[in-house]
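1. sequence first, then the predicted structure, then my questions.
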Amino acid sequence: MKKMLKGSVRRFCRDEHGHIFIIALIILAIGSLTLAPLLNYMGTGLKAGQTYENKTMEFYAADSGIEDAIWHILNNGEFLAGVPGTTSNLISYYWDESSTETGLPPYPDTGYESLKYQLSHPINDCDVEVILTRIPGGVFVVTSTAIKDDSSTAIRTFIEPSYVVTTIPGSGPSGVFENAATALDGNVNIGGNVYISSTPDPGNANIHANGDVNFSGAAATVDGNVTATGEISPEDYPGISGDSQPGADAVSPPDVDIDQLIAEAEAEGDIYNNNVSFSGGPPGQTDTLGPTRINGNLTIGANRTVVLQGTVYVDGTISVGANSLVKGGYTIVATGDVDFTGTSELGLEDIPFVISTGGDITATGTSWVSAVMYAMDGDVTLKGNFTVKGSVIGNNVYSQGNPNIMYPVGLSDIFDPSEPGEEDEETTSISDIAVRSYIIS
């Protein structure tokens with residue numbers, strides 16, 4: 001058996017003619033012929049994949065610029081205020097053949113002012129530049145270009161906003177100078193035999209409170225309308241000749257520019273860094289004052305007449321003695337309390353505007369007190385048996401004794417220190433957008 005096996009092996013070896021070797025050589029030759037192209041193809045594929053990845057990252061970066069521009073269009077009107085316009089952020093950008101470095105087709109119209117800006121930080125290692133243009137019809141053209149090394153990807157889109165028109169009411173005067181008495185942050189309290197009237201036309205002595213109007217006696221008379229954001233007490237008070245309206249709208253304070261008044265007092269005027277007093281001398285003496293700034297208190301003694309010739313600003317208190325008179329159609333301002341009086345009925349052109357920016361105003365007298373009195377952050381109190389010709393305005397308005405108020409019709413036309421009311425203004429804002437096209441280069 002062993003001999004037979006050895007014989008078979010010897011015969012097999014004698015019959016081998018090299019077929020396997022030939023097959024191996026053929027395979028090796030084929031491999032040699034295909035390996036180089038295959039490796040080259042693989043290299044090309046890797047490069048293409050890398051290029052595709054880079055262009056994808058550039059596309060996403062450029063798309064971020066589009067999204068940034070859309071956010072500004074929807075939310076940042078101040079940023080867009082100059083598109084088109086003349087602000088320093090603007091460049092002259094023309095959609096013509098010479099400026100199509102992005103590879104995008106030129107926009108047919110030329111010469112629109114555009115806003116050109118760059119995102120504050122790179123996106124996907126790309127610098128992103130955005131050009132935002134508003135063209136006729138309110139449509140925005142946004143071109144966003146992502147740049148990395150020598151490669152770039154640009155996107156242009158046309159964005160059509162939906163516009164909404166909002167009407168902003170004009171500022172207008174506050175309306176307080178149309179009233180004989182106004183409480184801006186409290187109540188109007190009327191007691192005794194107070195008579196509130198208007199001249200020369202009756203029925204215009206109005207009262208308003210951003211709070212309540214309270215009558216403490218049955219003999220008061222108001223020849224006009226009474227309005228209050230709160231209550232009018234007692235209800236259906238018989239002394240009101242006009243309408244009685246609780247639950248009314250509030251009125252705003254008058255627009256008084258204190259800085260402007262300070263500038264007027266200091267311009268070509270005297271500045272005193274001490275208290276100023278007008279006293280002594282013969283009874284009935286007349287003095288002039290203004291434009292003046294007093295860094296101290298102002299005291300006007302008894303039986304004096306002071307004629308205002310300009311704005312007076314007092315960084316302190318003002319005290320006017322008995323039987324004295326302050327006249328002149330100018331403004332006198334105090335930072336502290338004001339004790340005011342008068343002796344005569346004045347015409348509109350001579351009625352002073354008396355303001356306390358941080359204190360109370362108290363008016364006393366036995367005949368006439370002609371003034372418009374405004375306590376910006378305090379109360380106005382009328383004491384005695386006299387008549388105020390003008391208007392009183394404060395957080396609260398109080399009457400003690402039997403003071404009357406005579407409101408001169410026409411006071412609001414010449415006395416409101418604010419500018420005449422501005423007309424209603426229409427503003428246009430963007431509520432939504434629609435992307436109408438998306439071109440990629």
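-> Arrived safely.

2. going forward, measure contacts between C-alpha atoms and count neighbours the same way
-> Fine.

3. so, low pLDDT: which residues of this protein?
-> 1-19, 76-113, 165-174, 281, 283, 415-429, 441 (pLDDT under 70).

4. quick check: longest helix of it.
-> For the chain, the helix that runs over the most residues, judged by DSSP state H, is helix 19-75.

5. what's opposite residue 182 in the beta bridge?
-> Going by DSSP bridges, residue 182 is paired in beta bridges with residue 208, residue 393.

6. next structured bit after the particular helix or strand that has residue 371 in it?
-> Taking DSSP states H and E as the criterion, residue 371 maps to strand 368-375. For strand 368-375, the following helix or strand on the C-terminal side (DSSP H and E) is strand 380-384.

7. packing partners of that next one?
-> strand 361-365, strand 387-394, strand 397-401 (3 or more Cα pairs under 8 Å, 6 or more residues apart in numbering; DSSP states H and E).

8. name every strand pairing with that strand and say which way it goes.
-> Each strand that pairs with strand 380-384, with its direction, by DSSP bridges: strand 361-365 (parallel), strand 397-401 (parallel).

9. one step back: got the buried residues for the strand holding residue 371?
-> Counting neighbours by 16 or more other Cα atoms under 10 Å, one finds that the buried residues in strand 368-375 are 368, 369, 370, 371, 372, 373, 374, 375.

10. so where do the strands sit in the stretch 51-200 of the chain?
-> 90-92, 113-118, 127-135, 139-148, 151-168, 179-183, 188-190, 195-199 (DSSP state E, counting those that start in this stretch).

11. report all helices and strands that the longest one contacts.
-> Based on contacts counted as 3+ Cα pairs under 8 Å, 6+ apart, the elements that strand 151-168 packs against are helix 19-75, strand 139-148, strand 425-440.

12. how does the protein divide into domains?
-> By the assignment in automatic domain parsing, the chain contains the domains 53-168+429-440, 176-415.

13. just put these in JSON lines and tack on distance to residue 23.
-> Conversion of these to JSON lines gives the following (distance: least, Cα to Cα, whole Å):
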{"stretch": "domain 53-168+429-440", "distance to residue 23": "43"}
{"stretch": "domain 176-415", "distance to residue 23": "105"}
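
14. so of those domains, which one's packed in deepest?
-> Per-stretch averages of neighbours, counted by mean count of other Cα atoms under 10 Å, single out domain 176-415 among the domains of the chain, with a mean of 21.

15. before we move on, back to that, please identify which of the buried residues of strand 368-375 is nearest to residue 29.
-> Nearest to residue 29 among these is residue 375, at 108.5 Å by Cα to Cα.

16. could the strands paired with strand 380-384 be laid out in CSV, adding distance to residue 116?
-> Conversion of those to CSV gives the following (distance: least, Cα to Cα, whole Å):
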stretch, distance to residue 116
strand 361-365, 58
strand 397-401, 58
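
17. residue 133: which of the helices and strands packed on strand 151-168 is closest?
-> Across those (criterion: Cα to Cα), the nearest stretch is strand 139-148, sitting at 5.1 Å.

18. what packs against that closest one?
-> helix 19-75, strand 127-135, strand 151-168.

19. chain center to it: distance?
-> Taking Cα atoms, centre = their mean, to the nearest Å, the mean C-alpha location of strand 139-148 is offset from the chain mean by 32 Å.

20. swap in stretch 20-36?
-> Here stretch 20-36 is found 83 Å from its chain centre; the criterion is Cα atoms, centre = their mean.

21. contact partners of that stretch?
-> Contact with stretch 20-36 is made by no outside residue, as judged by Cα atoms under 8 Å, 6 or more residues apart in numbering.

22. list the contacts for residue 318?
-> Contact criterion Cα under 8 Å, 6+ apart gives 297, 298, 299, 300, 334, 336, 337, 338, 339, 340 as the residues in contact with residue 318.

23. restricted to strands, list the residues you listed.
-> Cross-referencing those with the strands (criterion: DSSP state E) gives 298, 299, 300, 334, 338, 339, 340 as the overlap.

24. re earlier: which among the contacts of residue 318 gets closest to residue 387?
-> Among the contacts of residue 318, and counting by Cα to Cα, the member closest to residue 387 is residue 340, at 12.9 Å.

25. distance check, residue 121 against residue 127.
-> 7 Å (Cα to Cα, to the nearest Å).

26. likewise for residue 75?
-> Relative to residue 127, and taking Cα to Cα, residue 75 is found at 23 Å.

27. now do residue 53
-> Here residue 53 is placed at a distance of 17 Å from residue 127 (Cα to Cα).

28. same check, this time on residue 222
-> 74 Å.

29. now residue 187
-> From residue 187 to residue 127 the distance is 64 Å (Cα to Cα).

30. residue 304 now?
-> In this structure, residue 304 and residue 127 are 78 Å apart, going by Cα to Cα.

31. with residue 337 instead?
-> For residue 337 relative to residue 127 (Cα to Cα), the value is 64 Å.

32. and for residue 152?
-> 9 Å.

33. which residues do these two both contact?
-> residue 146.

34. what does stretch 299-311 contact?
-> In this structure, residues lying in contact with stretch 299-311 by Cα under 8 Å, 6+ apart are 261, 264-265, 275-280, 283-292, 318-332.
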